[in-house]
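In: missing the sequence, but the structure's below:
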């Protein structure tokens, strides 16, 4: 079951999955709409949900904290932190024992991110939610983990000229941007039985950049 506020892309992805033989269903959903999130999780639970992946997020233009517009702060926190919290709240109540939640955070949730105060705060919050929920639901065998991507060739980065993408990728020890497929592989591993003894973990997919420390 796929959910996104981008209905056009959602339908396209669903059709791609179906053409490859997968079973897929599209449910247009805005993570800032509590009622929509409740309905989404209820439908997923009715369909037999055993794993939930939360990748909701939005950003703001880089600016020092003192210059951030409060409307931007509220919007980012509403989607990126509260939206995930609402989803997790419903998911954890509905998942069977032994279920799994994987949140997509960001390396901005693990360290400072110049000019991205609201976004970094929201992603740090999701890291905290992940670790706390892992403790709260361990006695049911429900695992809660997160993937923290670094610079990935997707979204706005994918629209940049090749020379800009090369420069961004050069900051990682592996010398390139990551791919959406590499992030998806990390999510799939955390959700799988191969990670049965892993909970409360934040798995970085950043080309080694985090190994340098702050």
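Out: Looks like it arrived, so ask away. What you are looking at is a predicted structure, and each value in this text was computed from that prediction instead of being measured.

In: when you work out contacts or count neighbours from here on, use the C-alpha atoms and nothing else.
Out: Will do.

In: ok, residues contacting the strand ranked longest in the chain?
Out: Secondary structure of the chain per DSSP state E: the longest strand is strand 143-149. The contact list for strand 143-149, computed with Cα atoms under 8 Å, 6 or more residues apart in numbering, reads 98-107, 109, 127, 130-131, 133-134, 137, 183, 186-187, 190, 196, 198-206.

In: tell me how many other residues surround residue 102.
Out: 27 (other Cα atoms under 10 Å).

In: correction: residue 71
Out: Residue 71 sits with 8 neighbouring residues when counted by other Cα under 10 Å.

In: looking at it, residue 119 is touching residue 77, isn't it?
Out: Yes - using Cα atoms under 8 Å, residue 119 makes contact with residue 77 at a distance of 7.4 Å.

In: which of the two has more neighbours?
Out: residue 119 (27 against 23).

In: for the helix or strand containing that one, name the packing helices and strands.
Out: Assessed by DSSP states H and E, residue 119 sits inside helix 117-136. Contacts defined by 3 or more Cα pairs under 8 Å, 6 or more residues apart in numbering; DSSP states H and E place helix 117-136 against helix 70-76, helix 83-94, strand 143-149.

In: repeat the analysis, applying 10 Å as the threshold.
Out: Packing partners of helix 117-136 (3 or more Cα pairs under 10 Å, 6 or more residues apart in numbering; DSSP states H and E): helix 70-76, helix 83-94, strand 100-104, strand 143-149, strand 202-205.

In: partners of the fourth one, with directions?
Out: Using DSSP bridges, strand 143-149 pairs in its sheet with strand 100-104 (parallel), strand 202-205 (parallel).

In: return the distance of it from the chain's centre.
Out: Centroid displacement of strand 143-149 relative to its chain, using Cα atoms, centre = their mean, to the nearest Å, is 8 Å.

In: shaky segments in the protein?
Out: 214 (pLDDT under 70).
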